[in-house]
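A.B. asks: Show me the folded form of this:
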Amino acid sequence: MKTLLRLAFIIVIGVLVYNYFFGTAEEKAGSEKVFQQVKEVGKSIGDLIKKEKQNFADGKYDKAFDKIGNLYDQAKEKLGDNKDDQESFDRLEKQKLELEEEKEMLERELQKEDPDEEIIKRNETLDEELNDLSRDFGALLKKLMTREKE
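C.D. replies: Residues are numbered from 1 along each chain as shown. Purely as a prediction, here's the structure:
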């Protein structure tokens with residue numbers, strides 16, 4: 001399947017280049033328009049990468065990890081002998097460590113001269129996962145505090 005897609009891509013590029021140099025005036029204009037659009041997409045991707053690099057430099061995820069760290073510490077203090085609570089806490093702790101590793105990997109990848117587009121997509125999902133983890137830690141803490149009052 002990949003080979004077929006690559007072949008199709010090469011054929012499309014070949015037709016565009018041929019039309020650009022040897023086609024009619026209409027075909028040349030169409031090829032020029034496609035090349036301009038590709039150029040604009042390339043610039044947009046470059047701008048997005050620069051923005052994400054700046055967000056990391058500004059500590060985009062530091063606040064989220066600080067919040068999760070505070071919730072983590074509070075939940076750990078309130079954690080009792082309940083096996084279910086301990087399992088939930090351990091699962092969330094493991095997820096927290098995985099997200100911290102992911103953040104460090106993303107920082108390293110964004111420092112490279114030409115980061116991959118997949119890194120940008122992964123960056124967006126990391127944000128969602130951090131919000132989910134924060135919400136889950138908050139729910140566990142609320143549950144522990146309710147149990148403590150009983």
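A.B. asks: Can you pull the domain assignment for the protein?
C.D. replies: 1-58, 59-150 (automatic domain parsing).
A.B. asks: quick one: average pLDDT of the shortest one?
C.D. replies: Averaging pLDDT along domain 1-58 yields 86.
A.B. asks: chain center to it: distance?
C.D. replies: 23 Å (Cα atoms, centre = their mean, to the nearest Å).
A.B. asks: Kindly report the same for stretch 59-71.
C.D. replies: For stretch 59-71, the separation from the chain centroid amounts to 16 Å (computed by Cα atoms, centre = their mean).
A.B. asks: Output it as CSV, restricted to C-alpha atoms.
C.D. replies: Output of stretch 59-71 as CSV, limited to C-alpha atoms (Å, rounded to 0.1, in the frame of the first residue of the first chain):
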residue,chain,number,x,y,z
GLY,A,59,7.1,26.4,29.7
LYS,A,60,3.8,25.5,28.1
TYR,A,61,3.6,22.2,30.0
ASP,A,62,5.4,23.2,33.2
LYS,A,63,2.2,24.7,34.7
ALA,A,64,0.2,21.5,33.8
PHE,A,65,2.9,19.3,35.3
ASP,A,66,3.1,21.5,38.4
LYS,A,67,-0.7,21.2,38.9
ILE,A,68,-0.5,17.4,38.4
GLY,A,69,2.4,17.3,40.9
ASN,A,70,0.4,19.2,43.5
LEU,A,71,-2.6,16.9,43.1
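A.B. asks: contacts for it?
C.D. replies: Stretch 59-71 is touched from outside by 96, 99-100, 103, 126-127, 130-131, 133-134, 137-138, 141, with contacts defined as Cβ atoms under 8 Å, 6 or more residues apart in numbering. C-beta: built from backbone N, CA, C; applies to glycine.
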